[in-house]
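S.K.: test case, fold it:
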Amino acid sequence: MGFLSNAFISCGLSIDTFAFGLKPICSKPNHLKESFIVASFQTTLLFLGATIGKELTPYIEDWDHWIILIGLSYFGIKSIFEQDSNHDSPSTKWKFIGLCLLVSLDALAIGFSLITILPLGVYFLLILFLITFISFYAGGHLFKLGLSKFKHSKIIGGMVLILIGFKVFITHMMDHGL
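M.R.: Model (predicted):
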């Protein structure tokens, strides 16, 4: 598989990290560290999924979409209804890590299936890391440019997380039958 195919797969995996970057929890003045963490989660979970591969697929493919839907909906609803909080509190840091994991679970699932159709090399993982890093960073900058001035940005960020959860859920249900 060439660079273009790898880039398209990486872009598809990184779309939700772009939306995650739009979330108020990620609006640090310089969020290079957060971008690195998100890209690391995405790349690591894809690698882990490909490494574990076909062995676990039958055990989790029937319910992985439920975990993503419930987890992202939980964080989305919590974001919509919570008051402004200190972005450096321990609960906010754990929320960020939890969201990194949830947003990257699709990479884990895709890693399970990708191992059967393409050799997963360092080249592909590097492309995924870079595109995810850029995607999250761009989402954070767009948040700072526009949504940070909008008083309902936490509501929009929460709604985006909920919509991502439903997108994953509906896509899985359509692919595997209702």
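S.K.: for the spatially most central residue of the chain, grab phi and psi.
M.R.: Among the residues of the chain, the one closest to the centroid is residue 103, at 2.5 Å (Cα atoms, centre = their mean). Dihedral angles of residue 103 (phi, psi; degrees, to the nearest 10) stand at phi -70, psi -20.
S.K.: tell me which helix or strand of this structure sits lowest on mean pLDDT?
M.R.: Ranking every helix and strand in the chain by mean pLDDT, DSSP states H and E puts helix 57-60 at the bottom, with a mean of 71.
S.K.: list the buried residues of whichever helix or strand comes after it.
M.R.: Counting by DSSP states H and E, the next helix or strand C-terminal to helix 57-60 is helix 64-81. By neighbour count on 16 or more other Cβ atoms under 10 Å, the buried set for helix 64-81 is 64-65, 68-69, 71-73, 75-76, 79-80. C-beta here means a position set from N, CA and C on the backbone, and glycine is covered the same way.
S.K.: check stretch 162-178 too.
M.R.: For stretch 162-178, by 16+ other Cβ under 10 Å, it's 162, 164-169, 172.
S.K.: want to throw these into TSV with distance to residue 22 and pLDDT?
M.R.: TSV is the format used below for those (distance: Cβ to Cβ, whole Å; pLDDT from 0 to 100):
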residue	distance to residue 22	pLDDT
162	13	84
164	11	77
165	15	79
166	17	87
167	15	83
168	17	78
169	20	87
172	23	82
